[in-house]
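**Q** structure for the following, please:
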Amino acid sequence: MGSQEKIPNGIKFLFGGSAGMLATCFVQPLDLVKTRMQTATTKEYKNSMDAVMGIVKKEGITGMYNGLSAGLLRQATYTTTRLGIYTWLLEAMTKNGKEPGFAAKAALGMAAGCAGAFVGTPAEVALIRMTSDGRLPPNERRNYKHVIDAVARIYREEGLTKLWRGAVPTMGRAMVVNAAQLATYSQAKGALRRYVDEGVFLHFLASMVSGLATTVASMPVDIVKTRIQNMKTINGKPEYSGPMDVLSQIVKKEGFFKLWKGFTPYYFRLGPHTVLTFIFLEQLNTAYKKHFLGTK
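**A** Numbers count the residues shown, from 1 in each chain. Model prediction:
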């Protein structure tokens, strides 16, 4: 992700979260469609466009941005932590201007993602519930006003530990996502630099490669996380007993390839989000170096 040896660690964390939040403003509708498709256990939506049309028809165009406040809080917590820790660890392991190899970058990404996911799980739980609420019958909706209301009500009505419901699959997903995303981004950027000059286009190409690899690797873990965080307790019994129960039920009732349900909105959310996050991050780093460090 470029040389950042002179940028203070606190600024790295700030830039990581800011880049993620800016990207979320653009891709929130795709995140909502992905969640709706993953939480639908029946053939509620034929495809992504059918989901979009259904949401707009029932909830209006602004319905596509349901859960935006939770998405922003998720980035402020999760992305700030993971990108900040990753860039800090990457810098620490870079010796004489030489970055560590692919395997080491993947390990750093996993560690950073795991830490970020734990910090961001409460916002993740709120996001999943808020984005899936509209598909429920009116009498079953939670009707959270915004993310602060969601977090406060979950704490008040269900207890503190429920804010970390699904933390294990969330952390597992984050480890997969970050190992794939951060490592493949750095690796793709290094390989493409031989053919493309440093700049926004290079960052775009590297991010698209990274986004595709990440989507394929992380979707099964993501759908497990989504189902667990959105599940309800019926007559004192939760819908799923754990991650393996979610996997077995999906495969048995819906088919193996339903583990990649919502692939299109997931990629078109993750791909552009990856692109925009890294582009914003690179631009923030460049601006800081230029205006505060005097680096050309």
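**Q** where do the strands of the stretch 101-250 of the chain begin and end?
**A** 233-234, 237-238 (DSSP state E, counting those that start in this stretch).
**Q** what lines up beside the first one in the sheet?
**A** Counting by DSSP bridges, the strands paired with strand 233-234 are strand 237-238 (antiparallel).
**Q** what does the strand it pairs with contact?
**A** The contact list for strand 237-238 (Cβ atoms under 8 Å, 6 or more residues apart in numbering) reads 231-232. Every residue, glycine included, has its C-beta placed from N, CA and C.
**Q** now it, how far from the centre of its chain.
**A** The chain centre lies 27 Å from the centre of strand 237-238; the measure is Cα atoms, centre = their mean, to the nearest Å.
**Q** circling back: return the most buried member of the strands of the stretch 101-250 of the chain.
**A** Looking across the strands of the stretch 101-250 of the chain with neighbours counted as mean count of other Cβ atoms under 10 Å, the highest average goes to strand 237-238: a mean of 10.
**Q** give me the mean pLDDT for that one.
**A** The average pLDDT within strand 237-238 is 88.
**Q** that older thread, which of the strands of the stretch 101-250 of the chain sits closest to Thr215?
**A** Closest to Thr215 of the strands of the stretch 101-250 of the chain is strand 237-238 (Cβ to Cβ; 28.4 Å).
**Q** I figured Gln187 hits Ala104, correct?
**A** No - checked against Cβ atoms under 8 Å, the pair Gln187 and Ala104 is beyond contact range at 11.2 Å.
**Q** comparing those two, which shows the higher neighbour count?
**A** When neighbours are counted by other Cβ atoms under 10 Å, Gln187 and Ala104 differ, and Gln187 comes out ahead with 19 against 14.
**Q** skipping adjacent residues, who's closest to that one in space?
**A** Using Cβ to Cβ, 6 or more residues apart in numbering and skipping residues adjacent in sequence, the residue nearest Gln187 is Phe102, 5.4 Å away.
**Q** next one: Pro220
**A** If the residues on either side of it in the chain are set aside, Pro220 comes closest to Leu259, at 4.1 Å by Cβ to Cβ, 6+ apart.
**Q** doesn't Tyr185 make contact with the residue nearest to Gln187?
**A** No - if you go by Cβ under 8 Å, Phe102 and Tyr185 don't touch, sitting 11.3 Å apart.
**Q** quick one, which of the two is more surrounded?
**A** Tyr185 (26 against 13).
**Q** setting aside sequence neighbours, what's the nearest residue to the more buried one?
**A** Ser210 (4.0 Å).
**Q** before we move on, the earlier item: save the strands of the stretch 101-250 of the chain as a markdown table, and put in distance to Leu270 too.
**A** Below are these laid out as a markdown table (distance: least, Cβ to Cβ, whole Å):
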| stretch | distance to Leu270 |
| --- | --- |
| strand 233-234 | 30 |
| strand 237-238 | 28 |
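**Q** and of the ones you listed, who's closest to Ala115?
**A** Checking these against Ala115 by Cβ to Cβ gives strand 237-238 as the closest, at 27.0 Å.
**Q** figure out which of the strands of the stretch 101-250 of the chain is closest to Met93.
**A** Evaluated over the strands of the stretch 101-250 of the chain, closeness to Met93 peaks at strand 237-238, with 41.6 Å, by Cβ to Cβ.
**Q** just give me the neighbour total for Lys34.
**A** For Lys34, the tally of surrounding residues (other Cβ under 10 Å) stands at 28.
**Q** what helix or strand is it located in?
**A** Here Lys34, judged by DSSP states H and E, is contained in helix 9-39.
**Q** now do that helix: which elements does it pack against?
**A** Applying 3 or more Cβ pairs under 8 Å, 6 or more residues apart in numbering; DSSP states H and E, one finds that helix 9-39 makes contact with helix 48-59, helix 68-74, helix 80-93, helix 102-132, helix 200-230, helix 263-292.
**Q** run a quick check on Val196 versus Phe204, I expect a contact.
**A** No - assessed by Cβ under 8 Å, Val196 is found out of contact with Phe204, at 9.5 Å.
**Q** now the common contact residues for these two.
**A** Overlap of the contact sets of Val196 and Phe204 (by Cβ under 8 Å, 6+ apart) is empty.
**Q** hang on, the earlier thing: let me know the pLDDT of the residue nearest to Pro220.
**A** As predicted, Leu259 sits at a pLDDT of 92.
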